[in-house]
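Engineer: how would this look folded up:
(chains A and B)
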2 protein chains.
Amino acid sequence: MTLWDKRPDMIVHKADPYNAEPPPSGLDGQELTPVASFYSRNHGEIPTLDPDEWRLQVGGLVDSPLELSLDQLRDRYEAKSLVATLQCAGNRRAGLVEVRDIPGEDPWGVGATSTAEWAGVSLADVLASAGARSDAAHVAFEAADVSALAEPTQPYGGSIPAHKARSPEVLLAWGMNGEPLTRVHGAPLRVVVPGYIGARSVKWVQRITARAQPSDNYFQATAYRLLPAEFNPATAGPGDGLSLASIALNAAILRPLDNQQVPQGAIRVSGYALAGDDRAVARLDVSVDAGRSWRQAALAPALHPWSWQQWHIDVDLRPGPAEIVARAWDSTGAAQPESAGPLWNPKGYVNNSWARVRVTVAH
Amino acid sequence: MTLWDKRPDMIVHKADPYNAEPPPSGLDGQELTPVASFYSRNHGEIPTLDPDEWRLQVGGLVDSPLELSLDQLRDRYEAKSLVATLQCAGNRRAGLVEVRDIPGEDPWGVGATSTAEWAGVSLADVLASAGARSDAAHVAFEAADVSALAEPTQPYGGSIPAHKARSPEVLLAWGMNGEPLTRVHGAPLRVVVPGYIGARSVKWVQRITARAQPSDNYFQATAYRLLPAEFNPATAGPGDGLSLASIALNAAILRPLDNQQVPQGAIRVSGYALAGDDRAVARLDVSVDAGRSWRQAALAPALHPWSWQQWHIDVDLRPGPAEIVARAWDSTGAAQPESAGPLWNPKGYVNNSWARVRVTVAH
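Structural biologist: The predicted structure follows:
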């Protein structure tokens, strides 16, 4: 995996297409995730695009279709940057796989969530300059990578509703953590849709289309949908289930690790939490007795409106096995659900049950 | 309770201050709740205000403080109307009381949620005409009713953040379901804050104050806060816990009734669901075997952006005891939590666990 200059300890779920997440230590205690540790979710071969040849097409329900080079994007629009957390809809799928097998989907852990500073221009500014029409209720993205996982084989794509596309936080980004975007993360240009599942932050974007309806791309119409438990994902078609967009309240324990041996006495428990959309994480509780009693962790405010919240607490553990549990409450007073069982769904999305790690405390 | 011209079957939790909810049949199958059935949550004696004498003061961080009569409100601002569901933060507290007693708080059922068409003017328009300043981060309301439940005794009040106050859906309302607002529902004028807990929809409003900070009224600073389970509510002070604002995903079964005898065979199960804030209810599942298997109910779209969603399903029941369970999923793919136990909190707010009724099916 040195091809991508990743940390040597990345957990590679699949080499082709390349799908990898950092171990929890790659995220713990850092507001920004290093580029080399940032999770990578791909559906086809990583494309190699010549930035000089690359063009962005903006069309559909617009008065003035555009074809823009990278230089034109930089020259014509105000540069913007923001910190945003991206989260794959399959984050924590491993916890659902424990409930019931999910064939054909990778068992992502808590590392399919990462945070970076993105630099580029506002999608809203580009749409405005193209004269996006009022009947454009959705904005679709099409990428350069082609996925044989789709039916039929097609370029990766997706869409977001116009109200989100017009929000200033949605970027067309060429920079990540102060460096040019790397090839594996979407160079020369990717979409960044803060608050939405990572699937909508389309990498290697080449075409933006204002539409009356959501994209009919496979990855919008058929994939990334939460199906009822009794559905057969092999026969589910376009429009079945719930199309995922805004992300749900969630939290993870990054330290200690699951199945870790820890010393007796005081240890630090830490992790991330995020509320998604325009909500905030208001409280994070930790239990060291599998949920019988709870204490509040120190919950850092989000350093940026679209980034996760870090938390930590020091706890005392007695010798023997222990289950450490964390649960977040959002600004509406809603808590994460207790267990993954009722959340199981055929494609394994949105596991936002209480975070749990089992440790053995040394005598 | 004929004083308020309520349905004779209203469930009166307290006569003074008057606190009552309709039975589930008062809500079932109706997009709009009749005024006589609309829940009534009060903290002091219902005031009697002479509409000719009544004035609304608008002040604080504004360039031009206003004093407005009802006629001036009607004459100077565009009339607006919308349908909105209001929900008390204590809705379904009865389910938390089953977990552990909550002294001093009424055991509201599923009827502390009602929907009406409200007529009035936009708060945003009034604030704009007063020249609300950019440092006004909150907008506070003060009412005419005085509550001895507060410490110290004070008029009822609360506040909302400026971004919400500037949203067009927040009304200063004088009409309800096509009739003039009744005394018990806040005449001559009340605030209606769609998507927020009912406590912020202040009745008998007399004073609106643009502020840098949230209101320090008892009902904002101390009451209507979700406290950690281990907190003693008697000693909790201003700022403790999580201040409730936007409401959480929730659902209720309105039919059949809990503990009802039902005939064998096909029966209809129906209820309401609401997602709160800018989310939607995307799916509603019903189980007649206490959650082991589920079917999707027919979920009506919200008829109005700020109103609940009605649902129904016909199920077959076998003779004997049965537990019917309903759970909603929102547009982020988040589901309601399974049980009320982990949600228990000292003041009994935000019980959004799965809805459950136990019935006996006749042989």
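
Engineer: the closest residue to chain B within the stretch 1-150 of chain A in helix, strand or coil?
Structural biologist: As assessed by CB to the nearest CB, chain B sits closest to A:Ala89 within the stretch 1-150 of chain A, at 7.6 Å. In this view, the C-beta of every residue, glycine as well, is placed from N, C-alpha and C. Classification of A:Ala89 into helix, strand or coil gives coil, according to DSSP: H, G, I helix; E, B strand; the rest coil.

Engineer: contact partners for it?
Structural biologist: The neighbourhood of A:Ala89, defined by CB atoms under 8 Å, 6 or more residues apart in numbering or on different chains, consists of A:197-199, A:224, A:244, A:247, A:349-350, B:333.

Engineer: can you check A:Ser201 too?
Structural biologist: With CB under 8 Å, 6+ apart, A:Ser201 has these contacts: A:86, A:190-193.

Engineer: go again with 10 Å.
Structural biologist: For A:Ser201, the residues meeting the contact criterion (CB atoms under 10 Å, 6 or more residues apart in numbering or on different chains) are A:41, A:84, A:86-88, A:118, A:141, A:158, A:160, A:170-171, A:173, A:185-186, A:190-194.

Engineer: pretty sure A:Val262 sits against A:Arg318.
Structural biologist: No: look at A:Val262 against A:Arg318 with CB atoms under 10 Å: they stay out of range, at 11.3 Å.

Engineer: okay, those two: which has more neighbours?
Structural biologist: Just comparing A:Val262 and A:Arg318: by other CB atoms under 10 Å in any protein chain shown the higher neighbour count belongs to A:Val262, 18 against 12.

Engineer: got the phi and psi for the more buried one?
Structural biologist: A:Val262 has phi and psi values of phi -120, psi 150 when expressed as degrees, to the nearest 10.

Engineer: could you give the bridge partners of it?
Structural biologist: A:Val361 (DSSP bridges).

Engineer: which among the contacts of A:Ala89 count as buried?
Structural biologist: Using 16 or more other CB atoms under 10 Å in any protein chain shown as the burial test, these include A:197-199, A:224, A:244, A:247, A:349-350, B:333 as buried.

Engineer: what is the most widely separated pair among those?
Structural biologist: Comparing all pairs in those by CB to CB, the longest separation belongs to A:Gly198 and B:Gly333, at 13.6 Å.

Engineer: list residues touching both of these two?
Structural biologist: Between them, A:Gly198 and B:Gly333 share these contacting residues under CB under 10 Å, 6+ apart: A:89, A:224, A:247.

Engineer: mind listing what the second one touches?
Structural biologist: With CB under 10 Å, 6+ apart as the criterion, the residues that contact A:Tyr224 are A:88-90, A:158, A:197-200, A:218, A:241-245, A:347, A:349, B:333.

Engineer: take those residues and keep only those in strands.
Structural biologist: Judged by DSSP state E, the subset of the contacts of A:Tyr224 located in strands is A:158, A:242-243.

Engineer: hey, what's the residue nearest the centre of chain A bridged with?
Structural biologist: With distances taken as CA atoms, centre = their mean, A:Gln87 lies nearest the centre of chain A, 1.6 Å away. As for beta bridges, A:Gln87 partners with A:Thr113, A:Ile197 under DSSP bridges.

Engineer: quick check, it in contact with A:Asn250.
Structural biologist: Yes: using CB under 10 Å, A:Gln87 is in contact with A:Asn250, at 7.3 Å.

Engineer: which neighbours do A:Val262 and A:Arg318 share?
Structural biologist: With contacts taken as CB under 10 Å, 6+ apart, the residues that reach both A:Val262 and A:Arg318 are A:Val361.
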